[in-house]
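# Got a predicted structure here, sequence first:
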Amino acid sequence: MHIPAINTSRIIAIGGSTGSTEALKAILKDLRHDLPPVVAVLHMPAGYTRIYAEQLCTETGHNVVEAKSGLYLSQGMVVIAQGGQHLRLFRDKKGYFVTSEAGVKVSGHCPSVDVLFDSVAKRNAIGVILTGMGCDGAKGMLNMKKMGAYNIGQDAESSIVYGMPKAAYENGSVSKQCPLDKIAQEIHYRIDNGL
């Protein structure tokens with residue numbers, strides 16, 4: 001039983017595509033379990049995301065779940081967007097919760113990183129854009145930055161496809177570029193120092 005994150009003001013939002021299933025796993029293996037909730041959109045088809053969430057749970061020790069509407073988030077929880085469903089974050093007096101709903105493709109995808117990032121923009125957030133083809137997430141990440149978010153982009157050298165991180169970097173929404181094996185460290189630093 002997980003208690004909703006009433007006092008957790010931060011949120012970590014992650015997006016990626018090609019190569020990002022392994023990239024997210026690498027980050028989670030390095031992330032502590034006492035951090036704010038993580039919400040993630042990876043471009044995966046319906047039917048695979050539940051299995052992927054279960055694998056991440058086993059391999060990283062984190063509480064990883066597939067998104068479902070009305071799910072309240074708790075400290076250390078990792079929520080993966082369901083394939084074919086847009087993931088959005090909301091907050092009420094009980095804490096953060098998500099919705100998971102079918103919809104038209106945004107930036108060429110459903111789930112779309114832009115949709116998640118737009119919903120996170122008004123929150124106290126850290127954004128992460130991982131390896132992937134195309135530009136999904138760049139617009140949403142720029143909205144996050146305009147609202148005060150600190151955004152991390154995976155660097156070209158460690159990306160399998162430097163498309164999505166490149167688009168976000170080029171539009172000015174990335175606060176810092178990091179190699180994959182330094183992203184968790186950067187998240188820890190920002191949270192531990194209240195930055």
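Good, I have the coordinates.
# which residues does Val128 contact?
Contacts of Val128 were listed using C-beta atoms under 8 Å, 6 or more residues apart in numbering, and they are 12-15, 27, 151-154, 183, 187. C-beta: built from backbone N, CA, C; applies to glycine.
# May I see the PyMOL selection of the buried members of those residues?
To isolate the buried subset of the contacts of Val128 in PyMOL, counting by 16 or more other C-beta atoms under 10 Å, use the following:
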select buried, resi 12+13+14+15+27+151+152+153+154+183+187
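# Starting from Val38, give me the distance back to Gly70.
Taking C-beta to C-beta, to the nearest Å as the measure, Gly70 falls 18 Å from Val38.
# In terms of packing, which of the two has more residues around it?
Each of Gly70 and Val38 has its neighbours counted (other C-beta atoms under 10 Å); Val38 has more, 25 against 9.
# distance of the more buried one from Lys93?
22 Å.
# hang on, the earlier thing: of the contacts of Val128, which is the nearest to Gly84?
The closest of these to Gly84 turns out to be Gly15 (C-beta to C-beta; 16.1 Å).
# Could you list the low-confidence segments of this structure?
1-8 (pLDDT under 70).
# start to end distance for stretch 129-137?
Using C-alpha to C-alpha, to the nearest Å, the end-to-end distance of stretch 129-137 comes to 7 Å.
# give me the number of residues near Lys146?
When neighbours are counted by other C-beta under 10 Å, Lys146 registers 11.
# Show me where this protein has its strands.
10-16, 38-42, 63-66, 71-72, 77-80, 86-92, 95-101, 124-129, 150-154, 176-178 (DSSP state E).
# Partner strands of the fourth one, with direction?
This points to strand 71-72. Using DSSP bridges, the strands paired with strand 71-72 in its sheet are strand 95-101 (antiparallel).
# And the strands of the chain: which comes nearest Ile191?
That would be strand 10-16 among the strands of the chain, by C-beta to C-beta, at 6.4 Å.
# strand partners of the closest one, parallel vs antiparallel please.
Strand pairing for strand 10-16, determined by DSSP bridges: strand 38-42 (parallel), strand 124-129 (parallel).
# now what about stretch 186-194, what contacts it?
Looking at what lies outside stretch 186-194 - C-beta under 8 Å, 6+ apart - the contacts are 10, 12, 31-32, 35-36, 126, 128, 150, 152, 176, 178, 195.
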